[in-house]
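> here is my input; please provide its structure:
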Amino acid sequence: MKRFIVLCLVSVIISTMLSCARQNSDEGADNAPLSSRVKNGLSDTADSNAADDGINIFEATNDQNISAPSYVRNLKYAPQLEVYITEDGMAEQRVIAAQLTTSWSYKNDDGTYSGYETDSLHPLDLPDDYDYTLIAQGEIAYVMFEFGDDFPPLSVSVIRWNANYAAFSTGSRDFSDEFEHREIVGTDGNSIQVGNDGLSYIYMVHAIWDQGNSYYSFRVIIVAD
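The predicted model follows:
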């Protein structure tokens with residue numbers, strides 16, 4: 001009889017311990033990082049908290065938390081770049097730069113994310129008749145940048161090549177020209193200064209936003225005095 005009572009007490013104790021362990025496990029799972037919740041098969045439960053957590057469920061992994069991006073403007077397409085020449089403070093010409101390789105993403109109304117990537121010719125391979133050329137005259141001229149949708153990028157970098165290295169000038173070109181003959185161009189806010197050497201240059205602009213990045217190209221023909 002005593003043995004039976006002891007067995008009953010042991011059974012009750014073990015049952016109580018298992019119940020507490022399950023309860024603690026469930027509470028721990030609810031408070032766990034999203035990556036752990038997804039790993040434990042709780043993504044359906046976590047889905048309702050995704051917006052509050054700021055976490056993209058379908059990008060979560062088992063070993064890290066991935067925060068969903070919070071876009072300032074959430075545009076569906078990368079902005080165009082309009083460039084124009086100013087001489088003596090007056091805008092003389094405007095053209096739309098060729099939009100090249102682009103990588104872009106945006107948030108959908110349902111909380112998911114979409115994006116696109118495009119590839120393009122290198123600026124040195126663009127045709128001669130592409131309508132993206134500015135004519136610079138005078139002692140000092142500036143090329144101004146104006147991005148569409150009134151959405152200035154976080155950063156802008158500019159390089160250029162002498163147009164003599166372009167495919168339309170040579171018939172074909174050496175791909176090493178992309179690196180050996182490029183020049184880094186300093187920017188002053190949203191503008192660059194062009195010289196007065198009577199040459200023609202092909203420019204490439206790389207702009208970066210929180211939603212992605214895009215490359216642009218335009219040509220400047222400098223008419224020396």
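
> what is the longest strand belonging to the chain packed up against?
As assigned by DSSP state E, the longest strand anywhere in the chain is strand 212-223. With contacts taken as 3 or more C-beta pairs under 8 Å, 6 or more residues apart in numbering; DSSP states H and E, strand 212-223 sits against strand 81-87, strand 98-107, strand 133-137, strand 141-147, strand 200-209. Every residue, glycine included, has its C-beta placed from N, CA and C.

> give me the residues contacting the first one.
Residues external to strand 81-87 that are found in contact with it (C-beta atoms under 8 Å, 6 or more residues apart in numbering): 91-97, 99, 134-138, 140-148, 191, 205, 207, 214, 216, 218, 220.

> tilt between that strand and strand 200-209?
Using axes from the mean of the first three to the mean of the last three C-alpha atoms, to 10 degrees, the direction of strand 81-87 lies 130 degrees away from that of strand 200-209.

> follow-up on the earlier one: buried subset of the contacts of strand 81-87?
95, 97, 99, 134, 136, 141-143, 145-147, 205, 207, 214, 216, 218, 220 (16 or more other C-beta atoms under 10 Å).

> contacts only, for Gly148.
79-82.

> from these, which is closest to Glu180?
Among the contacts of Gly148, Leu81 lies closest to Glu180 (C-beta to C-beta), at 26.2 Å.

> for the closest one, grab the count of nearby residues.
24 (other C-beta atoms under 10 Å).

> roughly how far does it sit from Met204?
11 Å (C-beta to C-beta, to the nearest Å).

> Gln93: which element?
When elements are assigned from DSSP states H and E, Gln93 belongs to strand 90-96.

> ok, that strand: who's next to it in the sheet?
Applying DSSP bridges to the sheet, strand 90-96 is found paired with strand 81-87 (antiparallel).

> please parse the protein into its domains.
Per the record, the chain has its domains at 2-59, 81-223, by automatic domain parsing.

> worst average pLDDT in these?
Mean pLDDT is lowest for domain 2-59 out of those, coming in at a mean of 39.

> alpha carbons of stretch 102-120, as PDB, please.
Provided in PDB are the C-alpha atoms of stretch 102-120 (Å, rounded to 0.1, in the frame of the first residue of the first chain):
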ATOM      1  CA  THR A 102      19.200  49.600 -62.100                       C
ATOM      2  CA  SER A 103      18.300  47.500 -59.000                       C
ATOM      3  CA  TRP A 104      15.100  48.700 -57.200                       C
ATOM      4  CA  SER A 105      12.600  47.400 -54.600                       C
ATOM      5  CA  TYR A 106       9.400  48.700 -53.000                       C
ATOM      6  CA  LYS A 107       6.800  47.700 -50.500                       C
ATOM      7  CA  ASN A 108       3.400  46.500 -51.600                       C
ATOM      8  CA  ASP A 109       0.100  47.400 -50.000                       C
ATOM      9  CA  ASP A 110      -0.200  43.900 -48.500                       C
ATOM     10  CA  GLY A 111       3.200  44.300 -46.700                       C
ATOM     11  CA  THR A 112       5.200  42.200 -49.100                       C
ATOM     12  CA  TYR A 113       8.100  43.500 -51.100                       C
ATOM     13  CA  SER A 114       8.600  43.500 -54.900                       C
ATOM     14  CA  GLY A 115      11.500  44.700 -57.000                       C
ATOM     15  CA  TYR A 116      13.200  44.700 -60.400                       C
ATOM     16  CA  GLU A 117      16.600  44.700 -61.900                       C
ATOM     17  CA  THR A 118      17.600  45.900 -65.400                       C
ATOM     18  CA  ASP A 119      20.800  45.500 -67.300                       C
ATOM     19  CA  SER A 120      22.100  47.900 -70.000                       C
END
